[in-house]
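Undergrad: How does the following fold in three dimensions:
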Amino acid sequence: MTAARNPSIGDNGGPALDELTPFETIKQEIEDLFDTAKDFADGEPINSQEMHDTIESIRDQIHDAGKRADALRVEEKKPLDDQVKAIQDKFNPLIQPKRGKVDLAKSTLDTLLAPWRKKVADEKAAEAARKAAEAAAATLAAQEAIRASSGNLQAREDAEAMLADAAALTKTAKRADKAATTGLGLRTVWRAELVDEEAAMDWLWARAKEEVLAVAQRNAEEQVRAGARSIPGFRIFDEKVAA
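TA: Here you go, the predicted model:
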């Protein structure tokens, strides 16, 4: 383990201390401390209290420098944050999701539009169903007429005409069905309703086992921090870490 360095800013031919910007100053300090930390973190364990105290001091210094660097970061970006906030505050009353005037107006008007649109959609669906049933009945009747026309040319000719009429009705029914399902100003929303917790958990376990365990781990750690010393499925233990 090599001896620790303690370089002073500006001692290597670089700019003098009073010429550095606040960022350059803290950057130099952290980089010097980082280099010093590398001198000690060379794979050899601590072998004396003096060495422990020296390393602890380096850690405290770089921790403090990091806090000052973060404070400087917050200070430097504050004007930008203020500008962004001012822009957001200006536009939010108009276009903020769910709260701005645009979304509030659209949501309110949608509550008026939806019942009428559903009424129209239901009427079109009923008409489409009627025409589909009419086409199906005509097709069935034509097919039966064809089967019954065996050996009778006139009957076969009449049956073929019936089949052509049924085909025309089928096209009309398809057009009605398309009109009943498109261009209505409505959209279909699919939802999932939990009805069987056990089956749902079996499905979730097979699909996202790692995510489920991560949630369990997070909850267990929260309970341990709150004082729990026994949690089903977990081994609770203590360990010493650097403060």
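Undergrad: After the least confident helix or strand in the chain by mean pLDDT, which helix or strand is next?
TA: Ranking every helix and strand in the chain by mean pLDDT, DSSP states H and E puts helix 153-181 at the bottom, with a mean of 87. Moving toward the C-terminus from helix 153-181, the next helix or strand (DSSP states H and E) is helix 197-207.
Undergrad: can I get the CA coordinates of that following helix in CSV?
TA: Output in CSV follows, covering the C-alpha atoms of helix 197-207 (Å, rounded to 0.1, in the frame of the first residue of the first chain):
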residue,chain,number,x,y,z
GLU,A,197,-56.7,-14.2,-6.9
GLU,A,198,-55.1,-17.7,-6.7
ALA,A,199,-55.3,-18.2,-10.4
ALA,A,200,-54.0,-14.7,-11.0
MET,A,201,-51.0,-15.2,-8.7
ASP,A,202,-50.2,-18.5,-10.5
TRP,A,203,-50.2,-16.7,-13.8
LEU,A,204,-48.2,-13.8,-12.5
TRP,A,205,-45.6,-16.2,-10.9
ALA,A,206,-45.1,-18.0,-14.2
ARG,A,207,-44.9,-14.7,-16.1
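Undergrad: Please enumerate residues in contact with it?
TA: 194, 212 (Cβ atoms under 8 Å, 6 or more residues apart in numbering). Where C-beta positions appear, they are placed from N, C-alpha and C, glycine not excepted.
Undergrad: Ok, stretch 80-93 next?
TA: If you take Cβ under 8 Å, 6+ apart as the criterion, stretch 80-93 is touched by 99-101.
Undergrad: Over to stretch 56-67?
TA: Against stretch 56-67 from outside (Cβ under 8 Å, 6+ apart): 4, 26, 29-30, 33-34, 36-37, 40, 242.
Undergrad: same thing but 10 Å
TA: Stretch 56-67 is contacted from outside by 4, 6, 26-27, 29-34, 36-37, 39-41, 46, 69, 242-243, using Cβ atoms under 10 Å, 6 or more residues apart in numbering.
Undergrad: Let's see which of the residues you listed end up in helices.
TA: In helices, judged by DSSP state H, the following of the contacts of stretch 56-67 are found: 26-27, 29-34, 36-37, 39-40, 69.
Undergrad: Which of the residues you listed are buried, as a ChimeraX select command?
TA: A single ChimeraX command selects the buried members of these (16 or more other Cβ atoms under 10 Å):
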select :26,29,30,32,33,36,40,69
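Undergrad: so which of the ones in helices among the contacts of stretch 56-67 would you say is closest to Gly185?
TA: Using Cβ to Cβ, Ala69 comes nearest to Gly185 of those, at 54.9 Å.
Undergrad: wouldn't that closest one be in contact with Glu31 here?
TA: No - counting by Cβ atoms under 10 Å, Glu31 is not a contact partner of Ala69; they are 11.1 Å apart.
Undergrad: Look up how far Ser107 lies from Pro97.
TA: As judged by Cβ to Cβ, to the nearest Å, Pro97 and Ser107 stand 11 Å apart.
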